[in-house]
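Asks: No sequence on hand, only this structure:
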Ligand SMILES: [Ca+2]
């Protein structure tokens, strides 16, 4: 009896504590009848939701010389009498007794025989100089070896020596040899030409050139300007090149570069430099020979940079040669793809709120769903 009474008491207590478990036993089924609540949001037709519209096309102002139509230009002031136009060796420190003759690329030139050399006076490498150029020809056919030395730093004690043992065309032609000037921009340097094997004609020694105006190559000897591309002149690069600063237009969606990878292998990246000192590099595109072996327009999104001042950098990988044109132009391809957020989507804290569509970049004012709002699962 005692056990039976105890069992009945436990049953009564658990029925009181867990009524839901016992409700089916009583034959009553609870049904929730939640009253639908209107969200308060207005219906929104997404502008150009079917993408049938045509964008604005080219927008904004691309970086300086984005088309590479600007010709190469001399830069800065070379060494005294760099072109021998005084008709003598004024301004040069000579080893031996070089001769000066007329009939060079620019009138007079110097001729170096056995054991002879020419060292320039000091001059400052211009901030826009990309190359140091030297016009050189062999006096006679046959073996022809010579030196270009560049002296820089304190006391001009830092020597960069270049031994030349081949010629772009026949060595007895006047050929222009180019060396990087970017590494010396703003510095005072001296240049030297020395005969090694085979008499040497020399003119316009250390002439500075801006090869591709408006662009900054990492190594000026690895950029050239060529003509005859699909859109006229273009740059041929095997070093990273960076545009001047430009502002991303308020309606810009993409920026583009036209390029072609010349080398049989290798790869490249396209980066946007932004922020203080343009020190933030964001890679927005990469490619290689398999997708860039012929001229094509490559687009990359710049919506995240609207209104900002940026630079575009095209960076060939090691051993990669690219041809580059129309670099940094901006375009609007899909009209009205970023509708202005509507007031109804900025809901009060307690108002249910639907999740809006997502856009490539956040609108100026973001949709706010209140902290206590409920988000409809179907949006
Ligand atoms: Ca000359």
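Replies: It's in. Worth saying up front: this structure is predicted, and the values here are computed from it rather than measured.
Asks: So what's the residue count around residue 270?
Replies: By the criterion of other Cβ atoms under 10 Å, residue 270 has 24 neighbours. All C-beta atoms are positioned from the backbone trio N, CA, C, and that covers glycine.
Asks: Bridge partners for it, pull those for me.
Replies: Judged by DSSP bridges, the bridge partners of residue 270 are residue 285, residue 314.
Asks: what's the answer for residue 107, then?
Replies: Note on residue 107: beta-bridge partners by DSSP bridges are residue 104.
Asks: so it sits right up against residue 85, yeah?
Replies: Yes. Here residue 107 reaches residue 85: they are 5.7 Å apart, a contact under Cβ atoms under 8 Å.
Asks: Now residue 148. Nearest residue, chain neighbours left out?
Replies: If the residues on either side of it in the chain are set aside, residue 148 comes closest to residue 162, at 4.5 Å by Cβ to Cβ, 6 or more residues apart in numbering.
Asks: Buried residues, the strand or helix carrying that neighbour. List them.
Replies: Under the criterion of DSSP states H and E, residue 162 resides in strand 158-164. For strand 158-164, the neighbour count (16 or more other Cβ atoms under 10 Å) marks residue 164 as buried.
Asks: neighbouring strands for that strand, and are they parallel or not?
Replies: Here, using DSSP bridges, strand 158-164 pairs with strand 145-152 (antiparallel).
Asks: and the nearest residue to residue 115 once chain neighbours are set aside, how far is that from residue 243?
Replies: The shortest distance from residue 115 to any non-neighbouring residue, by Cβ to Cβ, 6+ apart, is to residue 96 (5.3 Å). Distance of residue 96 to residue 243, computed by Cβ to Cβ, to the nearest Å: 47 Å.
Asks: Those two: which is more packed in?
Replies: Higher neighbour count among residue 96 and residue 243: residue 243, with 22 against 12, using other Cβ under 10 Å.
Asks: which residues does the more buried one bridge with?
Replies: residue 215.
Asks: can you check residue 309 too?
Replies: residue 247.
Asks: Kindly report the same for residue 100.
Replies: Judged by DSSP bridges, the bridge partners of residue 100 are residue 110.
Asks: Hmm, residue 109 and it touching each other?
Replies: Yes. With contacts counted by Cβ under 8 Å, residue 100 reaches residue 109, the gap being 7.1 Å.
Asks: got any residues that touch both of those two?
Replies: residue 84 (Cβ atoms under 8 Å, 6 or more residues apart in numbering).
Asks: ok, which residues in the stretch 51-200 of the chain are in contact with the ion?
Replies: 83, 84, 104, 106, 107, 108 (Cβ under 5 Å from the ion).
Asks: What count of nearby residues applies to the second one?
Replies: If I follow you right, that is residue 84. For residue 84, using other Cβ under 10 Å, the count is 26.
Asks: residue contacts, it?
Replies: 100, 104, 107, 108, 109, 110, 203.
Asks: Ok, residue 257 next?
Replies: With Cβ under 8 Å, 6+ apart, residue 257 has these contacts: 270, 285, 297, 298, 312, 314, 324, 325, 326, 327, 328.
Asks: Show the pLDDT at it.
Replies: Residue 257 is assigned 97 on the pLDDT scale.
Asks: same question, residue 34
Replies: We have a pLDDT of 75 for residue 34.
Asks: For the helix or strand where residue 258 lies, list every residue counted as buried.
Replies: Assigned by DSSP H and E, residue 258 belongs to strand 254-261. Judged by neighbour count using 16+ other Cβ under 10 Å, the buried positions of strand 254-261 are 254, 255, 256, 257, 258, 259, 260, 261.
Asks: State the number of residues packed around residue 294.
Replies: For residue 294, the tally of surrounding residues (other Cβ under 10 Å) stands at 9.
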